[in-house]
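>>> Need coordinates for the below:
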Amino acid sequence: MKKLALSLALALAATGAFAKDWSTVRFGVDASYAPFESKATDGKLVGFDVDLGTEICRRLNAKCVWVEQDFDSMIPALKAKKFDGVLSSMSMTPQRAEQIAFSSKLFNTPTRLVAKQGSGILPTADSLKGKTVGVEQGTIQETYAKTYWEPKGVKVVPYQNQDAVYTDLQSGRLDAALQDAVQADQGFLKTPRGAGFDFVGKTIDDPKILGNGAGIGMRKEDADLKTKVDKAIADMIKDGTYKKIEQKYFNFDVYGS
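Numbers count the residues shown, from 1 in each chain. Reported below is the predicted structural model:
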């Protein structure tokens, strides 16, 4: 009888019949990526992703807990159950989708290169040969630069966070920086430290490496959480809440097609 009960319990667990308690949802976040996620002067986490996550938790009747994590270790920390979802502008790429599940799309923003005004630099291997480009560790921009530029003589330097990239760009230790265009615009170029810098060249398009938008990364076995989150996102878009949150940070559409 005990063996039968144990077998039944194992079978139910395998099929997900024992639903997890999602009264608390923990999100991993790298707070160096304004306006998506950063720290206010009082130390509070703020940003577009943070507001989206807070609204999702409200709709799930769950408490939001934010866990700070370096971006390059987000997926290992998620798998180790340090948190339940990565809500930190993580692009949904085929490579990442092999390891984790993604929610439906939250937004889709382009990738661009930043350099000093008048530098003549372009986002091509030929233009960047012999130069140094900064990227944040673990990002799609790091993968792109190391795939296409590094083998052709471009020095690609990964940093622990995006703020460190900009610090070295300002000091002249970097010739350029590759990152999300919206983040670069609002988190750097439109701030005092971005004086004298600008976007160079056009938007970079490579869906295989750069993906088709950002979503919330979750463990594949947590299909019930993904279902809840996807419904919350769909409802937010349908009832206009997404647009209201978006307009706090942007005067243009970041959801994309």
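>>> Using the three-state scheme, assign Ile216.
Of the three states, Ile216 takes strand according to DSSP: H, G, I helix; E, B strand; the rest coil.
>>> so what's Gln95 up against?
Applying Cβ atoms under 8 Å, 6 or more residues apart in numbering, we find Gln95 in contact with Thr143. Quick note: C-beta positions are derived from backbone N, CA and C, even for glycine.
>>> again, but for the one 5 residues further on
Listed by Cβ under 8 Å, 6+ apart, the contact partners of Ile100 are Ile75, Leu78, Lys79, Val86, Gly217, Met218, Arg219, Lys220.
>>> So which of the residues you listed is the closest to Lys190?
Nearest to Lys190 among the contacts of Ile100 is Val86, at 26.4 Å by Cβ to Cβ.
>>> Just list whatever residues bridge to the closest one.
Gly28, Gly217 (DSSP bridges).
>>> ditto for the one 5 residues further on
When bridges are taken as DSSP bridges, the partners of Ser91 come out as Ala214.
>>> all numbers from here: first residue = 53
Yep, numbering from 53; the last one is Ser143 now.
>>> what's the burial count for it?
By other Cβ atoms under 10 Å, the residues close to Ser143 number 23.
>>> next one: Gln238
18.
>>> Ok, Lys157 next?
18.
>>> what's the closest non-adjacent residue to it?
Gly265 (4.2 Å; Cβ to Cβ, 6 or more residues apart in numbering).
>>> Now the two most distant members of the contacts of Ile152.
Val138 and Lys272 (13.1 Å).
>>> before we move on, the earlier item: between the contacts of Ile152, which is closest to Pro87?
Closest to Pro87, out of all of those and judged by Cβ to Cβ, is Val138, at 18.0 Å.
>>> Going along the chain, name the helices of the protein.
Under the criterion DSSP state H, the chain contains helices at 54-67, 100-111, 126-131, 146-149, 177-180, 192-196, 214-223, 233-236, 259-262, 275-290, 293-301.
>>> so which of the ones you listed gets nearest Ser75?
The closest of these to Ser75 is helix 100-111. By Cβ to Cβ, the value is 10.0 Å.
>>> Tell me the helices and strands packed up against that closest one.
Secondary-structure packing of helix 100-111 (3 or more Cβ pairs under 8 Å, 6 or more residues apart in numbering; DSSP states H and E): strand 76-81, strand 115-120, strand 137-143, helix 275-290, helix 293-301.
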